[in-house]
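[1] could you look at this predicted model? Sequence included:
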Amino acid sequence: MDKIILFDGECNFCDQSVQFIIKRDPKGYFKFASLQSDVGKKLLKKHHVPENIDSFVLIDDDNCYVQSSAALRVCKHLKGTWKIPFILLIVPKPIRDFFYKIIAANRYKWFGTKKSCMIPTPEERKRFL
């Protein structure tokens with residue numbers, strides 16, 4: 001089954017994160033959809049995640065992860081030294097999510113919002129739902 005990353009399609013930081021993952025996931029392990037898309041909304045509903053979630057979401061088979069748990073589990077599948085942050089899952093979730101929430105709450109202010117969507121290459125386009 002596909003591993004699906006749901007991201008905020010209006011956020012520059014989130015868009016750059018998707019581009020970062022694509023470059024470090026040459027095998028195409030992950031598929032992508034924005035939280036605002038119909039596909040994203042259906043997946044959130046299917047996995048009982050509130051539609052107003054302010055988080056990066058990873059759907060891995062029948063499991064759904066949000067916030068730092070999602071981000072760190074993605075790291076596990078990236079090439080190179082980007083696998084290393086996965087070990088931070090040993091840090092208690094409340095501590096990890098405290099720092100995650102600071103970034104999430106300020107991402108529009110710090111990184112801005114998108115006025116238009118990126119235009120993926122034909123190869124990248126296959127990875128978007």
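    Received the coordinates, thanks. Just so we're clear, the structure is a prediction, and the values are computed from it rather than from any experiment.
[2] show me the contact partners of the top helix by length along the chain.
    Longest among the helix segments of the chain by residue count, using DSSP state H, is helix 93-111. Under the criterion CB atoms under 8 Å, 6 or more residues apart in numbering, residues 8, 11-14, 16, 54-55, 67-69, 71-72, 88-89 lie in contact with helix 93-111. Heads up, the C-betas are built off the backbone N, CA and C, glycines and all.
[3] next one: stretch 29-41
    Residues outside stretch 29-41 that contact it (CB under 8 Å, 6+ apart) are 2-10, 18, 21, 43-44, 51, 53, 57, 74, 77, 127-129.
[4] the residue nearest to residue 25 when sequence neighbours are not counted - how many residues pack around it?
    Counting by CB to CB, 6 or more residues apart in numbering, residue 78 is the residue found nearest to residue 25 once chain neighbours are left out, at 6.1 Å. If you count neighbours by other CB atoms under 10 Å, residue 78 ends up with 20.
[5] that's a strand at residue 78, yeah?
    No. Checked against DSSP: H, G, I helix; E, B strand; the rest coil, residue 78 lies outside a strand; its state is coil.
[6] verify the contact between it and residue 21 for me.
    Yes. Counting by CB atoms under 8 Å, residue 78 sits close enough to residue 21 to count as a contact (6.8 Å).
[7] hey, where'd the helices end up in this protein?
    For the chain, helices defined by DSSP H occupy the ranges 12-23, 38-46, 67-75, 93-111, 122-125.
[8] pull out the buried residues from the contacts of helix 93-111.
    Burial of the contacts of helix 93-111 was assessed by neighbour count (16 or more other CB atoms under 10 Å); the buried members are 8, 11, 12, 13, 14, 55, 67, 68, 69, 71, 72.
[9] where's the dip in pLDDT among these?
    Checking pLDDT across the buried ones among the contacts of helix 93-111, the minimum falls on residue 11 at 73.
[10] nearest residue to that residue in space, ignoring adjacent ones along the chain?
    residue 107 (5.4 Å).
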